[in-house]
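Colleague: whatever this is, show me its structure:
(chains A and B, ligands or ions: 1)
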Amino acid sequence: MSVAMRDAFGAKLAELGKTNDKIVVLDADVSSSTKSAIFGKAFPDRFFNVGVAEANLVGVAAGLATAGYHPVVNAFAIFLALKSTDQIRNVFCYNHLPIVIAGAYGGLSDSFDGASHQSITDIAIMRAMPNMEVIVPADSRQAELALEYALQQNTPVYIRLNRNAMPSVPEPANFASKKVIVLKEGKDVTVAANGITAAMANDAAVLLAAKGVDAEILSIPFVKPLDGDGLAASVAKTGNLVTVEEHTVVGGFGSACLEALAKRKMTYAFDAIGVEDRFTETGPYDELLAAYGLSAESIADRVMKLLNK
Amino acid sequence: MDDTLKSLLAEKKGQSLSAVELAALAAGFRLEMFDVLHSRGTGHWGGASSAAEITTSLYFNRMNVDPSNPAWEDRDRFILSKGHASMNLYTILAYKGFFSPEDLPGFRTLGSHLQGHPSMKRTPGVDMSTGALGHGLSIGVGMALAARLSGKKHWTYVLSGEGCLNEGQTWEAAMMAAKYRPERLVYMIDYNGVQLDGTSDDIMPLNPLADKFKAFGWNVAPKLYDGHDTKSLLESYDWMDSDDVWPKAVIYQTVKGKGVSFMEGKSAWHGAPIDIDSYAKGRPELLADIEKKEAAL
Ligand SMILES: Cc1ncc(C[n+]2csc(CCOP(=O)(O)OP(=O)(O)O)c2C)c(N)n1
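Modeller: Reported below is the predicted structural model:
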């Protein structure tokens, strides 16, 4: 287990604020949840709590960005993606402004609050916007690296964060290269895992190995730009692909993978694990994830089915 | 623009114009907007005309900008939150010197830098892209806060119509502006009483508007100014400079489609193409207005 992404992200933000006085942080009355309050406490002059007003949150950040500041806007992922979509598209993206959009409580991680708070469409929405980059870190270390990366870009970057303490994966050698991160090499099947599902996929590889299946496990935090070449090289080798995401299977990470491979005219067997086109529900996080096929066991089962074993 | 106005512009380049000069200039700009909107058969006449004196006075009397350096850090900022009035802003920016007036007829054609709604990435002098109503005040708050953070003294002006005031985001921004009170932020309202579908009284009543802003904690101008009377506009600037209490809101009483009698106050002329008959009938009125204003020079 590592610390929760939000804790790591909040602490990193405050740390970076010490040396980068262009960072300004905005929050919409959820700073104690997103942990942007750590920055707010350290740098009250560069912290703005706009109240429960996500559209205004984005607009104000845009104004700051036009004057050389690098805003980091924090709110729940679901409300950023849904209540400030127009502002993110027409102001951040259209004007190509350097802004970090930190979507807290991503996926099902606000599990007990139920469907109204679970963000399972944010990746589809964000990746559809021109000029936007989309990163879904696998663990708290990747979340820190994503923040460092995003603050060096001259473009809007969406980073989807998780609420809870989750297992970690080995630290990538070069996160900023945006390449697929090979957690385990294998020859029978490619498991392409987005966000926190990477650790599950890693565990699934152990279960699969016991059944004689040699799985290649990829952690792919960069949904956009997606490393299509890296993905294709793996799938060309294994001939089988299973994508895993904490998101609807409509328009998200799995779709992005298919788009990349379709252009390369490859033939392979495929399955997508994620929330099937439906609303989610309340429950303990682990149980909820498992209910939507997001567990090591379930990933291993789906791989066995795909391989007809 | 006729020769009188062209030489006025050349003569007074970089200087603050007087009320009578501004009035003549605005009349000339209004005709230019009318001509281009007719020739292109697309664009928004009603709201462009309604703000003619407001933007002319702001850019040619008050704002501190440098057309040769549109990205100058210390420039005053202007956000046309009612972005559909783009033809108005483009006309002003062109004659202010940000780009050639010869570009104006290319408005809304493929490849032109004059997009349907203002784009800061395309058009020199545009400080913020707009088009979706309701964004301007939030962005203005951000710009004014940035000025405060970096110790700069420039002004941020946001111009909106009723449409932006229908949007919830504007009131989110109004609350926030009263919380942080960024210096030199002015919210200007082109209060012509007409929206897209009809009058604001029918669509979404806004009165008592000044009281709303007062209740939100704003410094509101003590009266409604006449947004077509350049003397009244200059008076509103005296008020802006009269104290140090922020943010400031000022309401300009205006007429949508001003200058062409049969188009005035009619939502039908919000965004309708100006057909040839209406053009032929309306143009002489605008010409007569220019003549009248030039006579006062
Ligand atoms: C968010 C959004 N919704 C709808 C529109 C379409 N629209 C363009 S102008 C307008 C009415 C604007 O009224 P007002 O602000 O009074 O304009 P003015 O009379 O000053 O031109 C509408 C509804 C839009 N541009 N943005």
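Colleague: let me see the contact set for the residue nearest the centre of chain A.
Modeller: The centroid of chain A falls nearest to A:Val136 when counting by CA atoms, centre = their mean (1.6 Å). Taking CB atoms under 8 Å, 6 or more residues apart in numbering or on different chains, we find A:Val136 in contact with A:106, A:123, A:159-160, A:194-195, A:221, A:223, A:245, A:253. The way it works is simple: take the backbone N, C-alpha and C, and place the C-beta from them, glycine included.
Colleague: so is the residue lying closest to it once chain neighbours are set aside in a helix, a strand, or just coil?
Modeller: Using CB to CB, 6 or more residues apart in numbering or on different chains and skipping residues adjacent in sequence, the residue nearest A:Val136 is A:Gly195, 3.9 Å away. A:Gly195 falls in the coil class when you classify it by DSSP: H, G, I helix; E, B strand; the rest coil.
Colleague: re the thing from before, got the contacts of A:Val136 as JSON lines, with neighbour count, secondary structure and pLDDT columns?
Modeller: Output for the contacts of A:Val136, formatted as JSON lines (neighbours: other CB atoms under 10 Å in any protein chain shown; DSSP: H, G, I helix; E, B strand; the rest coil; pLDDT from 0 to 100):
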{"residue": "A:Gly106", "neighbour count": "30", "secondary structure": "strand", "pLDDT": "98"}
{"residue": "A:Ile123", "neighbour count": "33", "secondary structure": "helix", "pLDDT": "98"}
{"residue": "A:Ile159", "neighbour count": "27", "secondary structure": "strand", "pLDDT": "98"}
{"residue": "A:Arg160", "neighbour count": "33", "secondary structure": "strand", "pLDDT": "98"}
{"residue": "A:Asn194", "neighbour count": "31", "secondary structure": "coil", "pLDDT": "98"}
{"residue": "A:Gly195", "neighbour count": "31", "secondary structure": "coil", "pLDDT": "98"}
{"residue": "A:Pro221", "neighbour count": "27", "secondary structure": "coil", "pLDDT": "98"}
{"residue": "A:Val223", "neighbour count": "25", "secondary structure": "strand", "pLDDT": "98"}
{"residue": "A:Glu245", "neighbour count": "29", "secondary structure": "strand", "pLDDT": "98"}
{"residue": "A:Phe253", "neighbour count": "30", "secondary structure": "helix", "pLDDT": "98"}
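Colleague: redo the residues you listed as CSV? Include distance to A:Val73.
Modeller: Shown next, in CSV, are those (distance: CB to CB, whole Å):
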residue, distance to A:Val73
A:Gly106, 15
A:Ile123, 17
A:Ile159, 11
A:Arg160, 13
A:Asn194, 22
A:Gly195, 20
A:Pro221, 20
A:Val223, 19
A:Glu245, 23
A:Phe253, 22
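Colleague: what's the most distant pair in those residues?
Modeller: Distance extremes for the contacts of A:Val136: the farthest pair is A:Ile159 and A:Glu245 at 15.5 Å, using CB to CB.
Colleague: which residue ranges of the chain form strands?
Modeller: Looking at chain A here, since you left the chain open. A:23-27, A:47-49, A:70-76, A:100-104, A:133-135, A:157-160, A:181-184, A:189-193, A:215-219, A:222-224, A:240-248, A:269-275 (DSSP state E).
Colleague: nope, chain B
Modeller: Under DSSP E, chain B gives strands at B:77-80, B:156-160, B:185-191, B:219-220, B:225-226, B:248-253.
Colleague: turn these into JSON lines, including distance to chain A.
Modeller: Listed next are those as JSON lines, based on distance: least, CB to the nearest CB, whole Å:
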{"stretch": "strand B:77-80", "distance to chain A": "8"}
{"stretch": "strand B:156-160", "distance to chain A": "8"}
{"stretch": "strand B:185-191", "distance to chain A": "10"}
{"stretch": "strand B:219-220", "distance to chain A": "20"}
{"stretch": "strand B:225-226", "distance to chain A": "26"}
{"stretch": "strand B:248-253", "distance to chain A": "16"}
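Colleague: turn those strands into CSV, columns for mean neighbour count.
Modeller: Shown next, in CSV, are the strands of chain B (neighbours: other CB atoms under 10 Å in any protein chain shown):
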stretch, mean neighbour count
strand B:77-80, 27
strand B:156-160, 28
strand B:185-191, 26
strand B:219-220, 21
strand B:225-226, 20
strand B:248-253, 22
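Colleague: could these go into CSV alongside mean pLDDT and distance to the ligand?
Modeller: Listed next are those as CSV, based on pLDDT from 0 to 100; distance: least, CB to the nearest ligand atom, whole Å:
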stretch, mean pLDDT, distance to the ligand
strand B:77-80, 98, 10
strand B:156-160, 98, 7
strand B:185-191, 98, 5
strand B:219-220, 98, 19
strand B:225-226, 98, 16
strand B:248-253, 98, 11
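Colleague: now the residue of the stretch 101-250 of chain B at minimum distance from chain A: closest residue in space, sequence neighbours ignored.
Modeller: Residue of the stretch 101-250 of chain B nearest chain A, by CB to the nearest CB: B:Gly142 (2.1 Å). Leaving aside its sequence neighbours, B:Gly142 sits nearest to A:Gly63 (CB to CB, 6+ apart; 2.1 Å).
Colleague: how about that neighbour, what does it touch?
Modeller: Applying CB under 8 Å, 6+ apart to A:Gly63 gives the contacts B:128, B:138-146.
Colleague: swap the cut-off to 6 Å and go again
Modeller: B:139, B:142-143 (CB atoms under 6 Å, 6 or more residues apart in numbering or on different chains).
Colleague: just the buried residues of the residues you listed.
Modeller: Taking 16 or more other CB atoms under 10 Å in any protein chain shown as the criterion, what is buried in the contacts of A:Gly63 is B:139, B:142-143.
Colleague: kindly report the residues of chain B close to the ligand.
Modeller: B:46-47, B:50, B:82, B:84-85, B:131-134, B:161-164, B:190, B:192, B:194-196, B:256 (CB under 6 Å from any ligand atom).
Colleague: run through the residues that contact B:Phe34.
Modeller: For B:Phe34, the contacting residues are B:Leu286, by CB under 6 Å, 6+ apart.
Colleague: nearest residue to the residue of chain A at minimum distance from the ligand in space, please, no chain neighbours.
Modeller: Residue of chain A nearest the ligand, by CB to the nearest ligand atom: A:Asp86 (6.9 Å). Among residues not flanking A:Asp86 along the chain, B:Ala132 sits closest, at 5.3 Å (CB to CB, 6+ apart).
Colleague: residue contacts, the residue nearest to A:Asp214 when sequence neighbours are not counted?
Modeller: Of all residues beyond its chain neighbours, the one nearest A:Asp214 is A:Gly186 (4.2 Å), with distances taken as CB to CB, 6+ apart. Counting by CB under 6 Å, 6+ apart, A:Gly186 makes contact with A:214-216.
Colleague: phi, psi of A:Gly186?
Modeller: In terms of degrees, to the nearest 10, the main-chain angles of A:Gly186 are phi -160, psi 170.
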